[in-house]
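Participant: generate coordinates for the sequence data below:
(one chain, ligands or ions: 2)
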Amino acid sequence: MNGSKRDLAIRVEDIAKVYRLGVKDEMHDTFGKTVMSFLRKPLKNLKKYKSLYQFDDIDMDSSGGADRDDILWALRGVSFEVRQGEVVGIIGTNGAGKSTLLKILSRITPPSRGEIMIRGRVSSLLEVGTGFHPELTGRENVYLNGTILGMRKAEIDRKFDEIVEFSGVETFLDTPVKRYSSGMRVRLAFAVAAHLEPEILIVDEVLAVGDVAFQRKCMNKMQEVGSQGRTVLFVSHSMPAITRMCERVILLDRGQVAADGEPHQVVSEYIRGSRESAAEKRWEDLSAAPGGKVVRLRALRLKTEDQRTTDAFDIRRPIGVEIEIEVLEDGHVILPTFSVWNSEGINVCVAVDVDPAWRKRARPPGRYVCTGWIPGNFLAEGAFTLNTTLWLQEPVRNQEYHVTDVLAFHVIDSLEGDSARGDYVGDLPGVTRPLLKWETVYYEEGREVSRIGRAAI
Ligand SMILES: Nc1ncnc2c1ncn2[C@@H]1O[C@H](COP(=O)(O)OP(=O)(O)O)[C@@H](O)[C@H]1O
Ligand SMILES: [Mg+2]
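Facilitator: Ligands and ions are numbered 1, 2, ... in the order given. Model prediction:
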């Protein structure tokens, strides 16, 4: 056997995944019928899984299908190898293809082209509590899952207490899973997946659902699995978790591998990288743009202080929200506004244009580019979307346009200890994350010895 290939766990060769727009992929949307984890029998040798060509009318081998607008390339030309015992993080903006890649590696969906080779039992946790039967109790589901995953009853018996203890759902063990909260389901699902002693553990972002203490427990568990020489692949938006846990990070951008290597390097490339589709929206045809006879929305853009368009922001830096409008009718006081929403659907803030130059003043016809700056150290890390509304203030109050989810962006935490997280490396909840001023008064035996920070407020 070729020595250099001996410890290869995964090989992905030039895979592509194509979705036909408007046609739902059956495999994906019937997750309820699929189990959340798949346990594979150990393979004696590297075994090839060749995909079926599902899209015979698309020329997969050239860029022939590239400009067709009825198909979407969720993944394209993705190749990499993972060695046994590597802990690999997968990052990228929403829609980059991360979940699709994990689904292919878990064999929940086949690639449209290319092949994957996997050596070892794979256990994966891809979506929240999908492997559970709602009418069965937690206990019954643990056994059901274990059996589906190829475990013998004695094996499950042996692991049962550990699984239950890890999940923390003891008191609900004999309650039907349909009464569980999504957090409880994730706890149990992760516990089952992680305690199977898989050779390869694959975990999507599902852990974001659980509480912070549980997330940390899961991170530790994954780290433990990795340190035992088993392979771990996981997707996370938490850059501190990624850099803390992984020895290698793969960055996906619009279905392609944009970077693959040392975690800090890849993460900073992600922070720097610009991806215009979610960070900018432009309406070329003004007559079809949002708005009415007074104002039309020409464009929206997210930018850094140095005017670079991007959808990934360093948590410490300001985020410029640029609203470009065309005023068509004279005599109106107008109010551009935008609102920021986090991934839990919480409206984090609403911003109204308060530029003194145009406050209470009618804007003559012409093009205006209005930028509101969200300060650095204000939003928490995570994914956000942007809505924008334009109000006519005078002579009559009226809404010219209201556009929702028009832009999307990520706020990524700093790794240098100078953000609001300081030296804390775990997960931090919260809608905002201001960098506070702190002061300390130190008493030694009741006597004030030092007071640091007060002058800085
Ligand atoms: N079942 C599906 N049918 C059609 N398009 C899909 C399906 N699943 C994912 N996509 C599309 O594929 C792209 C990649 O999605 P996904 O892998 O979920 O990205 P990520 O996990 O990185 O956010 C997206 O544009 C998404 O809309
Ligand atoms: Mg995903």
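Participant: need the three-state assignment for residue 135.
Facilitator: Three-state call for residue 135 (DSSP: H, G, I helix; E, B strand; the rest coil): coil.
Participant: tally of neighbours for the residue nearest to it when sequence neighbours are not counted?
Facilitator: Leaving aside its chain neighbours, residue 135 sits nearest to residue 176 (5.6 Å; criterion: Cβ to Cβ, 6 or more residues apart in numbering). In short, each C-beta sits where N, CA and C put it, glycine included. Neighbour count for residue 176, taken as other Cβ atoms under 10 Å: 16.
Participant: for residue 176, give me the pLDDT.
Facilitator: Per-residue confidence (pLDDT) for residue 176: 93.
Participant: wait, it touches residue 141, no?
Facilitator: No - assessed by Cβ atoms under 8 Å, residue 176 is found out of contact with residue 141, at 9.1 Å.
Participant: Three-state assignment for residue 159, please.
Facilitator: Per three-state DSSP, residue 159 ends up helix.
Participant: right, and it touches residue 195 too?
Facilitator: Yes - if you go by Cβ under 8 Å, residue 159 and residue 195 touch, sitting 5.1 Å apart.
Participant: ok, these two, which is more surrounded?
Facilitator: Between residue 159 and residue 195, counted using other Cβ under 10 Å, residue 195 has the larger neighbour count: 24 against 19.
Participant: how close does that one sit to ligand 1?
Facilitator: Distance of residue 195 to ligand 1, computed by Cβ to the nearest ligand atom, to the nearest Å: 25 Å.
Participant: who's in contact with that residue?
Facilitator: The contact partners of residue 195, by Cβ atoms under 8 Å, 6 or more residues apart in numbering, come to 159, 162, 163, 166.
Participant: give me the helix or strand of the chain that scores worst on average pLDDT.
Facilitator: strand 47-50 (a mean of 32; mean pLDDT, DSSP states H and E).
Participant: so what secondary structure elements neighbour the helix or strand following that one?
Facilitator: The helix or strand immediately downstream of strand 47-50 is strand 71-83, counting by DSSP states H and E. Applying 3 or more Cβ pairs under 8 Å, 6 or more residues apart in numbering; DSSP states H and E, one finds that strand 71-83 contacts strand 8-20, helix 98-105, strand 231-235, strand 248-253, strand 256-261.
Participant: buried deepest among the ones you listed, which one?
Facilitator: strand 231-235 (a mean of 25; mean count of other Cβ atoms under 10 Å).
Participant: contact residues of the protein facing ligand 2?
Facilitator: 98, 99 (Cβ under 5 Å from the ion).
Participant: how is the chain partitioned into domains?
Facilitator: Structural domains assigned to the chain are 3-272, 276-412, following automatic domain parsing.
Participant: nearest to ligand 1 within the stretch 201-350 of the chain, name that residue for me.
Facilitator: Closest contact between the stretch 201-350 of the chain and ligand 1, by Cβ to the nearest ligand atom, is at residue 252 (6.4 Å).
Participant: hmm, that residue is touching residue 98, no?
Facilitator: Yes - taking Cβ under 8 Å as the definition, residue 252 is a contact partner of residue 98 at 5.7 Å.
Participant: quick check: neighbours shared by the two?
Facilitator: With Cβ under 8 Å, 6+ apart as the test, residue 252 and residue 98 both reach 90, 91, 92.
Participant: so how many other residues sit close to the first one?
Facilitator: Here the number of neighbours of residue 90 (other Cβ under 10 Å) works out to 25.
Participant: and the shared contacts of residue 252 and residue 98, which is closest to residue 425?
Facilitator: Distance to residue 425 across these (Cβ to Cβ) is lowest for residue 91, with 16.8 Å.
Participant: any weak-confidence spans in this structure?
Facilitator: For the chain, applying pLDDT under 70 flags the ranges 1-6, 22-69, 127-131, 148-150, 206-212, 240, 271-277, 344, 415, 452-457.
Participant: max-length strand in it?
Facilitator: For the chain, the longest strand by residue count, based on DSSP state E, is strand 398-412.
Participant: got a markdown table for the domains of the chain, with distance to residue 438 too?
Facilitator: Listed next are the domains of the chain as a markdown table, based on distance: least, Cβ to Cβ, whole Å:
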| stretch | distance to residue 438 |
| --- | --- |
| domain 3-272 | 20 |
| domain 276-412 | 14 |
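Participant: out of those, the one nearest residue 432 is which?
Facilitator: Closest among those, using Cβ to Cβ: domain 276-412, at 5.8 Å.
Participant: quick one: is the closest one near ligand 1?
Facilitator: No - shown here: domain 276-412 not in contact with ligand 1 (Cβ under 6 Å from any ligand atom), separated by at least 9.4 Å.
Participant: where's the residue lying closest to residue 353 once chain neighbours are set aside relative to ligand 2, distance?
Facilitator: Of all residues not flanking residue 353 in the chain, residue 336 sits nearest, at 4.5 Å (Cβ to Cβ, 6+ apart). For residue 336, the distance to ligand 2 (Cβ to the ion, to the nearest Å) stands at 32 Å.
Participant: possible to save the helices and strands packed on strand 71-83 as a markdown table with distance to residue 86?
Facilitator: Shown next, in a markdown table, are these (distance: least, Cβ to Cβ, whole Å):
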| stretch | distance to residue 86 |
| --- | --- |
| strand 8-20 | 7 |
| helix 98-105 | 13 |
| strand 231-235 | 6 |
| strand 248-253 | 6 |
| strand 256-261 | 12 |
